[in-house]
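In: The following block contains a protein sequence and its predicted model.
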Amino acid sequence: MPDEYIRLLSGFSACDVADGLQNVYGLSDGGYFPNLSERSCKNGKSVVGRAYTVLFAPASDPRPAVNYIDAIPEGSVVTLAYTPELQTTMAPYTYVNNAIFGGLMAGRAQFQGASGTVVFGRVRDVDEFESLHYPVYSYGLGATASKGVVKPVAVGVPLDIVTCAAVPQEPAAGEGAGSCHQRRRTTMRIESGDYIVCDAHGMVRIPTANVDMEKLISYIKSSIEADQLVARDIARGEPAEASKKRYRSALSK
Ligand SMILES: O=C([O-])CC(=O)C(=O)O
Ligand code: NI
């Protein structure tokens, strides 16, 4: 039953989930989408749901605008992103200075049972998010509505997020270790229906079609227990490396 996973994941932080994706599935990015900030509900709780994806394009796009706000499935993380041409790898990560999500839309999403909203762009009405107790994450803030600049053109489609990441390189002959990393423009995809976990760190996406959720959740549980044992050793003044090795090597089995 899929919604049981929302309940189970709600007990984990974004870091716990990233550890699981890195260690069980070998994802070096751990499913983490960089550069988002928490705009409301800074209460330490994780926000979990399935991605309800909405693609925004320039107002001049030939596709008609769609109404995405009135048909949000319960348990969704409403996820709004731009076509690649409106994204940039440098702060503020989008060329659009208008806000595409605000207090009224937060109220409507919340009424339908959404868990929260992630905007790879700007939002406004942060006080209203707070008074609703509705969690919102975004790249930035904006004061102006999006009228005439951008519009939602598709729902339930994959979203491609443009980011910049350091990638390990084989050092060329005669080069030192310092030259073995490069920044590379990459695209990170979010599929509609993916499990999403957000907290103060930002957002982690579980590539759900390729993940055994039972296996991931059970790994995360044991990894949290291992970390608690390491923390206990550290509090007693024991060296961290040896302790980490002891408890984490048991995990890989
Ligand atoms: O009007 C808009 O575009 C967004 C907004 O402020 C709201 O939802 O309250
Ligand atoms: Ni508003």
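Out: Here it is on my side, so go on. Ligands and ions are numbered 1, 2, ... in the order given.
In: So in this protein, where's the weakest helix or strand by average pLDDT?
Out: Within the chain, no helix or strand scores below strand 181-190, which has a mean of 86 by mean pLDDT, DSSP states H and E.
In: Direction included, what does that one pair against?
Out: Partners of strand 181-190 in the sheet, by DSSP bridges, are strand 159-168 (antiparallel).
In: how about the partner strand as CSV, C-alpha atoms only?
Out: Provided in CSV are the C-alpha atoms of strand 159-168 (Å, rounded to 0.1, in the frame of the first residue of the first chain):
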residue,chain,number,x,y,z
LEU,A,159,10.7,17.8,-14.7
ASP,A,160,14.3,18.4,-15.7
ILE,A,161,16.2,20.5,-13.2
VAL,A,162,19.4,22.1,-14.4
THR,A,163,22.2,22.1,-11.8
CYS,A,164,25.9,22.4,-11.6
ALA,A,165,27.9,19.7,-9.8
ALA,A,166,31.5,18.8,-9.2
VAL,A,167,32.4,15.6,-11.0
PRO,A,168,35.4,13.5,-10.2
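In: how far does that strand sit from the chain's center?
Out: Put simply, strand 159-168 sits 13 Å off its chain's centre (CA atoms, centre = their mean, to the nearest Å).
In: for stretch 113-126, what is the average pLDDT?
Out: Taken as a whole, stretch 113-126 has a mean pLDDT of 98.
In: That one: how far from the chain's middle?
Out: 12 Å.
In: What are the buried residues along that stretch?
Out: For stretch 113-126, a neighbour-count test (16 or more other CB atoms under 10 Å) marks 114-125 as buried. For the C-beta atoms, the positions are set from N, CA and C on the backbone; glycine is no exception.
In: CA atoms of it as CSV?
Out: The C-alpha trace of stretch 113-126 is given here as CSV (Å, rounded to 0.1, in the frame of the first residue of the first chain):
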residue,chain,number,x,y,z
GLY,A,113,-4.5,17.3,1.3
ALA,A,114,-1.2,18.2,-0.3
SER,A,115,1.8,17.7,2.1
GLY,A,116,3.7,20.8,0.8
THR,A,117,5.0,22.6,-2.2
VAL,A,118,8.4,22.8,-3.8
VAL,A,119,9.1,25.6,-6.4
PHE,A,120,12.2,25.6,-8.5
GLY,A,121,11.7,29.3,-8.8
ARG,A,122,10.2,32.1,-6.7
VAL,A,123,7.2,32.2,-4.3
ARG,A,124,5.4,35.0,-2.4
ASP,A,125,3.1,35.5,0.6
VAL,A,126,5.5,33.7,3.0
